[in-house]
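J.: the following block contains a protein sequence and its predicted model.
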Amino acid sequence: MGKRGPQPMPEATKRLTGKPTDMSKETESAAVPGIPQRPELSDDIANEAWDILCEELSKMEVLATSDQMIMELFCETKSLWIAAKLALLSEGSVLEGAKGGSYVNPRANLETMYAKRLESYLSAMGLSPASRAGVSKVPRIDTKEGKSRFFKVVG
């Protein structure tokens, strides 16, 4: 079941309009920014999906090392979806039975199931238009201490 109610307003927009919530600090991500370690993926399609996903999430500044599992699930599911889609295209969506009747190719159900899973993973990662507002950037960890946080050291 999807999220109920209006789409959430991004924190940056809330701050600009002067309506930050009391929960603003709690909703900020506590994840460690960075590219997760690539797992052993099943094939080239999954590996290519991993590269594209890392690139897109990095551009959005929402990629964290803890995203490895959902990214792996997405990549493997995308590979399965493409395989089912290609098989469906070659076999056709309607097959003829042994007794002459026709029936829907079971791969059509698989293709639909994988597509729904992909859509779910995309929403969870903020890669669908409706879900982008619910995703916050991963804050960069400032490693500087003391005055060096504020002043550039010269010399």
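T.: Received it, and whenever you're ready, just let me know what you need.

J.: leaving out chain neighbours, which residue sits closest to Leu95?
T.: Asn105 (5.1 Å; CB to CB, 6 or more residues apart in numbering). Bear in mind the C-beta positions are built from the backbone N, C-alpha and C, glycine included.

J.: shaky segments in the chain?
T.: Along the chain, segments meeting pLDDT under 70 span 1-3, 7, 9-30, 134-136, 138-155.

J.: quick one, strands of it?
T.: For the chain, the strands defined by DSSP state E occupy 94-96, 102-104.

J.: let me have these in JSON lines, extended by distance to Gly5.
T.: Formatted as JSON lines, those follow (distance: least, CB to CB, whole Å):
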{"stretch": "strand 94-96", "distance to Gly5": "41"}
{"stretch": "strand 102-104", "distance to Gly5": "36"}
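
J.: tell me which of those sits most buried.
T.: Most buried of those by mean neighbour count (mean count of other CB atoms under 10 Å) is strand 94-96; its value is a mean of 11.

J.: tally of neighbours for Leu53?
T.: Neighbours of Leu53 under the rule other CB atoms under 10 Å: 23.

J.: what's the local residue count around the closest residue to it other than its chain neighbours?
T.: Leaving aside its sequence neighbours, Leu53 sits nearest to Met71 (CB to CB, 6+ apart; 5.6 Å). Met71: 22 surrounding residues under other CB under 10 Å.

J.: before we move on, what about Ala108?
T.: There are 18 residues near Ala108, going by other CB under 10 Å.
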